[in-house]
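J.: Give me the fold of what follows.
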Amino acid sequence: MHILYLVNALDSGPGVLLDEATRAGAAATLIHTTEARDLVSGAPRDVPETAEGFDGLVVMGGVMGVYEEARYPFIDKTRVLIRDFHGAEKPVMGVCLGSQIVASAFGAPVYRMRDKLDTHEEWGFLPQTWLDSAAADPLLMDAPPGLSIMQWHGDTFDMPDGAVPLSTRAACPSQAFRIGARTYAFQFHLEMTREGLDGWSVFRAKAEKRPLPDIEALIEPQIAAHLGPQDAFARTVMRRWMALA
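T.: Numbers count the residues shown, from 1 in each chain. The predicted model follows:
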């Protein structure tokens, strides 16, 4: 199996999703979309126009918004590619920004949380409410109730027509959906590793102009309690997703 990973920010790589696929023997191509280069070879490489040559597509997160497509041309290219994978019945997984691009690819609006909801962001390990549809879903059928998964986003989306909602949260209802049999969108960051979380703590401290120990005091107890269960969940989801190919 050959999986294409679109990496939109270097601090939001595929993490566990790449590690588990590699363990299973899958080949991987990683493209840094904003620089249009191959992350392994460093050679110039833009978002492909079609799914040809790949068996699955994973679209990762990033700080940009889907509504900034004029500034970030990769966004519309990714929408086109998602629809091509979907039409070819090859599995797609969108994570955070990736989930928002999937929603947009099928006609749903994406917008800042502060514009329509009572909060401006979600950050930290936050519990999911799995919907009844998740119990029959090939990926989420036995997801632990109330599983806390890492979040960091200030945008959200409406559900596309024809989508099957899979999970929700009161503060930000659109958390996960499936459209068709093989196209998935996850607002939460199931891919995170310990190394990635450490980097995010530094980034958040700088962004908020707060001492790093203050951020660590908030997130470290959550990491201790929830990263292990999240990691197990992510690896199960990735294996099942690959089996859809």
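
J.: Quick check: closest non-adjacent residue to residue 203.
T.: Among residues not flanking residue 203 along the chain, residue 11 sits closest, at 6.3 Å (C-beta to C-beta, 6 or more residues apart in numbering). The C-beta positions use only the backbone N, C-alpha and C, and glycine is treated the same way.

J.: Repeat that for residue 171.
T.: Setting aside the residues directly before and after it, residue 171 is nearest to residue 119 in space (C-beta to C-beta, 6+ apart), at 5.1 Å.

J.: what about that neighbour, how many neighbours?
T.: Neighbour count of residue 119, defined by other C-beta atoms under 10 Å: 12.

J.: could you say which helix or strand contains the residue nearest to residue 203?
T.: Counting by DSSP states H and E, there is no helix or strand that carries residue 11.

J.: residue contacts, it?
T.: Residue 11 makes contacts with 196, 199, 200, 203, as judged by C-beta atoms under 8 Å, 6 or more residues apart in numbering.

J.: Check this structure for its longest helix and report it.
T.: Ranked by residue count, the top helix of the chain under DSSP state H comes out as helix 212-243.

J.: can you give me how far that one is from the chain middle?
T.: Here helix 212-243 is found 13 Å from its chain centre; the criterion is C-alpha atoms, centre = their mean, to the nearest Å.

J.: Remind me what that helix packs against, helices and strands.
T.: Contact partners of helix 212-243 among helices and strands, from 3 or more C-beta pairs under 8 Å, 6 or more residues apart in numbering; DSSP states H and E: helix 15-23, strand 122-127, strand 148-153, helix 194-208.

J.: Figure out which of the ones you listed is closest to residue 3.
T.: Ranking those by proximity to residue 3 (C-beta to C-beta) places helix 15-23 first, at 5.6 Å.

J.: ok and that closest one relative to helix 212-243, angle-wise?
T.: In this structure, helix 15-23 runs at an angle of 40 degrees to helix 212-243, with axes from the mean of the first three to the mean of the last three C-alpha atoms, to 10 degrees as the basis.

J.: which residues pair with the spatially most central residue of the chain across the strands?
T.: The central residue of the chain, meaning the one whose C-alpha is nearest the mean C-alpha position (C-alpha atoms, centre = their mean), is residue 95 at 0.9 Å. Here residue 95 sits in beta bridges with residue 186, as judged by DSSP bridges.

J.: where's the residue sitting furthest away from the middle of the chain relative to residue 125, distance?
T.: Summary for the chain: using C-alpha atoms, centre = their mean, the residue whose C-alpha lies farthest from the chain's mean C-alpha position is residue 211, with a distance of 28.0 Å. Distance of residue 211 to residue 125, computed by C-beta to C-beta, to the nearest Å: 21 Å.

J.: Please give the element, helix or strand, for residue 107.
T.: Counting by DSSP H and E, residue 107 is held by no secondary-structure element, helix or strand.

J.: returning to what we had before: might one say that the residue farthest from the centre of the chain is in contact with residue 205?
T.: Yes. The pair residue 211 and residue 205 passes the contact test of C-beta atoms under 8 Å, sitting 6.6 Å apart.
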